[in-house]
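Peer 1: Give me the fold of what follows.
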Amino acid sequence: MNVNTFLRCLLVKGQSFRPYHMLHSSSKALGVSFPKAFHDAANKRTKGFKTKKLSSSSLQQSGTSPRPLGRSKTPVWLTDIHTKLMKSVNFPPRLREYKTIHFDGKELSSFSPSELLTVASSIKYFDKDKDKIIVGLCRGFDSFTVEEILTVADVLYINDALTPIYTKAMAVFLYEMIDKLKFTPTQLVRLVFHTHTSAPLLLIELERKIEECLSEFNMDELAYICHMLFYGQHRLRSMTLVDEIGKKLLIELNSLTPENLPMLMKAFRYSNFIKVSFYKQLGNCLVSSNYMSNFSTANQIMHFAFAYASVRITHHSLFKQLLERLEDLKQPPRLKDLSKIIWACGTLFTVEEDHLEIIRNIVKAVRKNINNDQVLRYPDNLMDFFVGLAYLNIYPLDLIEMFLGHKTIDKILDLDASRAKFLQLQFLDASLAIECPEFKGQLLSESHRENVENHLSHLSVEVDMKLRKPIIPVLEALRGKLGADCVHCGFVLHHFKTADILLAYDSSKKQFINPEMTTIFQTQGTVKRIVIMLLSKVQTSYDDEPLGMLQCKLRQLLKLGFLIVQISANDALNYTLMDKAVIQQRVMALVDDAISQSLSS
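Peer 2: Sure, this is the predicted structure:
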């Protein structure tokens, strides 16, 4: 579909919108999406299908006034990026000053490109004539250069008059012509600016274009692109491109404006870019240059901690430096940023004593600065804050009692799905009972617990066993050796949704017995309860360090008196290839060692 076909779907005789379903189906074919407001406008205009010119007096009488489509919701950072991009744009002299040029009825098809550009600079609000001008501009694409097409979009944006009609038509035209046109790096950045929330197929093609001329970009331009794609919820699909951006960053880090590096960190995380060597080298560069000193807000620092934790790669020196910088900030951090940093520290289990000392100081500062307004506005962030601390075995009971009352719990339970914290609530409730016997309160009421359990009912042992392949062959091998009644499998601690194998050994009878998983899991007398943990890759970092949740689980099992047989993820996978007899021999040897060490201690 070419741009003229697309425009014919928009207008009949240059005036009225075609029926909406035709417009929708045509744009959908190219991955072009229209915002809801545009759909509503199209539907309204097609109902009567009659046009009437409105005078300013009639608009006033109706209580309506012309208004721009508006950038009122545009983030400040996005406008700042556009302002920086405009420094390299050579506007024609006639576009530098705004002039009101009334549409004189002249056929738009006879306008020269320069005349159309002049007219474009006059557009601020939309009436019938200005709709025609926009369509005329779109129909002139064949005679425009890439620079002129983008300049029109820039002018309309500056005048607060950029409309989906122009943006979508531009996306369709450039998608079709992508292999026949040449773009400079700045032009590609500007094109991403105008299309980052729509036209996903065009964005995929732009990834290819960017990859082809990556060496011509500076790092700031790439940071702008990454940030805008992140904002438009577009993951970079080409891992080759992401990898090349990473390599370029390591070489040209000093040329990047420091405030733009968090933009790249967001894109790496969102695109699930996992390369241990890259993150290790980047962390080393940041530490050696004391890069965190460039940042004055917790939000900037947060993106480094959050990115490393999200891709599960540790860098203890970097985390020490960012924690030190966080502690030195003059302005108290927002709970929203602080919670992600603490969650990241807990997830990657940064338990070096100097790290923990800073984290404890941060908790002291929170005591002074936190208030109910923050808690009620971001209750999900409060949960992340407490969960991250719990991974590190830090439980600020006074803050929990003060801010996690039933009113806050109710708000957390009512959060929409994207912010749900059911797992975290169950985890913190059970962890307090195990690790903080001095906590006399009750985090969750019985009705809260029932609500949480209902929402987590889909996380079953059966599902986990299917996902983690080594469990079944080991379970069957042990049952063949000890008997089915003596070998159970389940969530030994119900707030950790990873299934383990449970055994019980009676040392007085020198035999394995039924573990009675329905009773309290506490070692009593001569009975030793043994948990066989077949680890999976998701429980460790990509550089093979146990994550905070696993460390917390181990700590709680030991506190409850369990003996632990821990089998690494790599060894566990090998069991899927072994005969039953070999599995029995290897696992029982580990179990016997654990029992012997316990009895001798």
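Peer 1: Pass me the low-pLDDT residue ranges in the stretch 401-550 of the chain, would you?
Peer 2: 517-524 (pLDDT under 70).
Peer 1: which stretches of it form strands?
Peer 2: Under the criterion DSSP state E, counting those that start in this stretch, strands of the stretch 401-550 of the chain are mapped to 488-490, 500-506, 511-513, 527-534.
Peer 1: Report the buried residues of the third one.
Peer 2: Judged by neighbour count (16 or more other CB atoms under 10 Å), strand 511-513 contains these buried residues: Phe512. Where you see a C-beta, it was placed from the backbone N, CA and C, and this is true even at glycine.
Peer 1: contacts for that strand?
Peer 2: Outside strand 511-513, the residues within contact range by CB atoms under 8 Å, 6 or more residues apart in numbering are Leu482, Gly483, Cys486, Leu503, Ala504, Tyr505, Asp506, Val527.
Peer 1: Could you check how far the first one is from Lys469?
Peer 2: Between Leu482 and Lys469 the computed distance is 22 Å (CB to CB, to the nearest Å).
Peer 1: More neighbours: which of the two?
Peer 2: More neighbours sit around Leu482 than around the other of Leu482 and Lys469, counting by other CB atoms under 10 Å; the figures are 18 against 14.
Peer 1: Turn the strands of the stretch 401-550 of the chain into JSON lines, including distance to Ile81.
Peer 2: Formatted as JSON lines, the strands of the stretch 401-550 of the chain follow (distance: least, CB to CB, whole Å):
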{"stretch": "strand 488-490", "distance to Ile81": "52"}
{"stretch": "strand 500-506", "distance to Ile81": "50"}
{"stretch": "strand 511-513", "distance to Ile81": "66"}
{"stretch": "strand 527-534", "distance to Ile81": "48"}
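Peer 1: what's the closest of these to Met219?
Peer 2: Using CB to CB as the criterion, the shortest distance between Met219 and the strands of the stretch 401-550 of the chain is 43.7 Å, found for strand 527-534.
Peer 1: Each with direction, which strands does that closest one pair with?
Peer 2: strand 500-506 (antiparallel), strand 563-567 (parallel) (DSSP bridges).
Peer 1: buried stuff in the longest one?
Peer 2: Residues Asp500, Ile501, Leu502, Leu503, Ala504, Tyr505 are the ones in strand 500-506 that count as buried (16+ other CB under 10 Å).
Peer 1: Report how many residues lie close to the nearest residue to the fourth one once chain neighbours are set aside.
Peer 2: With CB to CB, 6 or more residues apart in numbering as the criterion, Leu503 has its nearest non-adjacent residue at 4.4 Å, and that residue is Ile530. Using other CB under 10 Å as the criterion, Ile530 is surrounded by 21 other residues.
Peer 1: Same check on Asp142?
Peer 2: Close neighbours of Asp142, defined as other CB under 10 Å, add up to 10.
Peer 1: Looks to me like it is in a strand.
Peer 2: No. Asp142: not assigned to a strand; according to DSSP: H, G, I helix; E, B strand; the rest coil it is helix.
Peer 1: neighbours around the closest residue to Asn514 other than its chain neighbours, how many?
Peer 2: Leaving out its chain neighbours, the residue that sits closest to Asn514 by CB to CB, 6+ apart is Asp485, at 5.1 Å. Look at Asp485: counted by other CB under 10 Å, it has 11 neighbours.
Peer 1: Check Ile567 too.
Peer 2: Residues lying near Ile567 (other CB under 10 Å) number 20.
Peer 1: What separation do you get for the closest residue in space to it that isn't next to it in sequence and Lys580?
Peer 2: Among residues not flanking Ile567 along the chain, Leu534 sits closest, at 5.1 Å (CB to CB, 6+ apart). Noted for Leu534: a distance of 16 Å to Lys580, by CB to CB.
Peer 1: Look at those two and report which has more neighbours.
Peer 2: More neighbours surround Leu534 than the other of Leu534 and Lys580, with 26 against 14 (other CB under 10 Å).
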